[in-house]
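Q: Here is my input; please provide its structure:
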Amino acid sequence: MKKQNLLIILIIFSLLVMLIGYSVFKMSTNIRNVMTSNSDINVEFKSIGKIYESGSVGADAVISKDRKIIFINIPKLTYQGAYVIIPIMVENVGTTPVRLSSIYEYDTKDSDTIKVYYDGIAITDKVLNPGDVEEFRVKVIWENKQNNKPIKMNFYLKLNYVQE
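A: Prediction:
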């Protein structure tokens, strides 16, 4: 009787070990099949179009050498309602379709006075296929009256994409 119970426990334990091993193997196989290298995701800033200014003087934008960051300089917004619109072209030079997941604004001040808005691919869920070029616009506007002095703003943008 004791040998029979020991044999049943040994068989159940063996089956349990095989089931756990199989599920670990199955899960790791599924994860490997889904993953793609980040080197396939490569979206770059291609160019900056003609900058439109109203109540602004000397605004400019420069693409970094690695083409991943744009530096925006607005030396003077002269009155409430003054704005700058910067058209920017981005290109998917990678091999994977991507979608914009977020925009990082660095060095913008949390303020009710100056606001930054986007349009184009920056606010849609549009997929950017390899080789595609899309435009979006950055609008910087002096919205709320803080004082009567001209305002300046310098910041930079980085776009973050995810595989589609």
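Q: and the longest strand for the chain?
A: Counting by DSSP state E, the longest strand found in the chain is strand 151-163.
Q: That one pairs with which strands, parallel or anti?
A: Applying DSSP bridges to the sheet, strand 151-163 is found paired with strand 69-77 (antiparallel), strand 98-106 (antiparallel).
Q: Contacts for the first one next, please.
A: The contact list for strand 69-77 (C-beta atoms under 8 Å, 6 or more residues apart in numbering) reads 45, 48, 55-64, 83-84, 86, 88, 114, 138, 140, 142, 150-158. Bear in mind the C-beta positions are built from the backbone N, C-alpha and C, glycine included.
Q: Is V17 in a helix, a strand, or coil?
A: helix (DSSP: H, G, I helix; E, B strand; the rest coil).
Q: May I have the beta-bridge partners of the residue minimising distance to the centre of the chain?
A: The centroid of the chain falls nearest to N160 when counting by C-alpha atoms, centre = their mean (1.8 Å). Assessed by DSSP bridges, N160 has beta-bridge partners S102.
Q: What distance do you get for it to E105?
A: Using C-beta to C-beta, to the nearest Å, we find N160 at a distance of 12 Å from E105.
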